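K.L.:
model the following, please.
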Amino acid sequence: MQLIVGNKNYSSWSMRPWVLMKGLGIDFQERVLRFDFTPDSAFYREVGAATPTGKVPVLVDEGLAVWDSLAIVEYLAERFPDKGIWPSDPRQRARARSLCAEMHSGFGQLRGLCVMNIDADLSSVGPRLLASEAGLRKDLARIVELWTDALAQSGGPFLFGAFGAADAFFAPVVMRVTRYALPVPEALKGYLARVEAAPGVREWIADAIAEKDFLDFEEPYRDVSGPVPVLKA
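P.N.:
Sure thing, here's the model as predicted:
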C-alpha cells in the first residue's frame, strides 16, 4: 500500500491516516508531495494520477485509490480487522465513529483560525484569537467536552482505551492546542502528552520539524520559518 500525503508541517488531513497506520503497525510506503496549488502544478498532476479530487491523503492499494481520510480509515478497518482501529464494543465503536465524523465535518473556526503548523510556536497568537473569536471558544469547549467524556468512560489512556482512529483524527487538534497554547483543563493535559508521545504521532512531528519547507500561503501568522513566531502585521 502507498499513502500519498502533503507537507507534514501543514497537512492535518494527511496526518490522520498516516499516524494511525504507523501507530498500529500497518505497513505502507509514503509519498510526500509538496503543496503547490497553482494550476497545472506538479502537486496536482501527481495527485491527479491517483484521484481527480486533487486532494491528499490518498491511499493506493493494488490499483485501488481510496481518498478522504474517513474513507481511508474505514477501508483499513475492513482490511485489517485485528488492528483495533475501532473499539471492539459496538456501542463504543459507534461513539468513536461519531467523534470522528464530528471532527471530519465540524470545528471550522478552529481549523480556519488555528491552521496546523507543527514547526511554529504560536503561543502568543492563540490567546489573542480565543479572546476575539466566539466561534473558536465554542469549538474548543466542544472538544474539551468530547475528550473529557470519552476518557471518563474508557478510563484512558486514549479516548477509547488503546490508541485508535479517534485519537488519530484528533491528533492534528492536539497539535493546534499545544502550538497555539489553547487552554484545556489540567485533567486533559496528560492526554495531550500521550498523543504527542504515541509512536506514529511522535514520528510525524519529528518529520514535520525536519521538513523546513516554509510555504507562505500556509502561514497567516509568520513571516519566516523557525520556532519563534514573527507576527505578520
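K.L.:
is it fair to say Val60 lies in a helix?
P.N.:
No: with DSSP: H, G, I helix; E, B strand; the rest coil as the criterion, Val60 is assigned strand and is not in a helix.
K.L.:
contacts only, for it.
P.N.:
Shown in contact with Val60 (Cβ atoms under 8 Å, 6 or more residues apart in numbering): 1-4, 50, 66. Using the backbone N, CA and C atoms, a C-beta is placed for each residue, glycine as well.
K.L.:
out of those, the closest to Pro39 would be?
P.N.:
Ala50 (18.5 Å; Cβ to Cβ).
K.L.:
buried set for the helix ranked longest in the chain?
P.N.:
In terms of residue count, the longest helix belonging to the chain (DSSP state H) is helix 134-154. Under the neighbour-count criterion of 16 or more other Cβ atoms under 10 Å, helix 134-154 has 136-137, 139-140, 143-144, 146-147, 150-151, 154 buried.
K.L.:
again, but for stretch 162-181
P.N.:
163-180.
K.L.:
enumerate every residue touching the most centrally placed residue in the chain.
P.N.:
When Cα atoms, centre = their mean is applied to the chain, the residue found nearest the centroid is Pro172 (3.0 Å). By Cβ under 8 Å, 6+ apart, the contact set of Pro172 is 12-13, 15-16, 116.
K.L.:
show me where this structure has its helices.
P.N.:
12-23, 42-48, 69-79, 90-105, 108-113, 126-132, 134-154, 165-179, 186-197, 199-211.
K.L.:
domain ranges for the chain?
P.N.:
Listed domain ranges for the chain are 2-79, 90-212 (source: automatic domain parsing).
K.L.:
between the ones you listed, which one is nearest to Glu218?
P.N.:
Set against Glu218 and scored by Cβ to Cβ, the domains of the chain come closest in domain 2-79, at 4.6 Å.
K.L.:
give me the distance between the two termini of the closest one.
P.N.:
End-to-end distance for domain 2-79, by Cα to Cα, to the nearest Å: 14 Å.
K.L.:
mind checking how far that domain is from the chain centre?
P.N.:
Distance of domain 2-79 from its chain centroid, counting by Cα atoms, centre = their mean, to the nearest Å, is 13 Å.
K.L.:
avg pLDDT for that domain?
P.N.:
Mean pLDDT, computed over domain 2-79, is 97.
K.L.:
same question, stretch 121-132
P.N.:
pLDDT averaged over stretch 121-132 gives 94.
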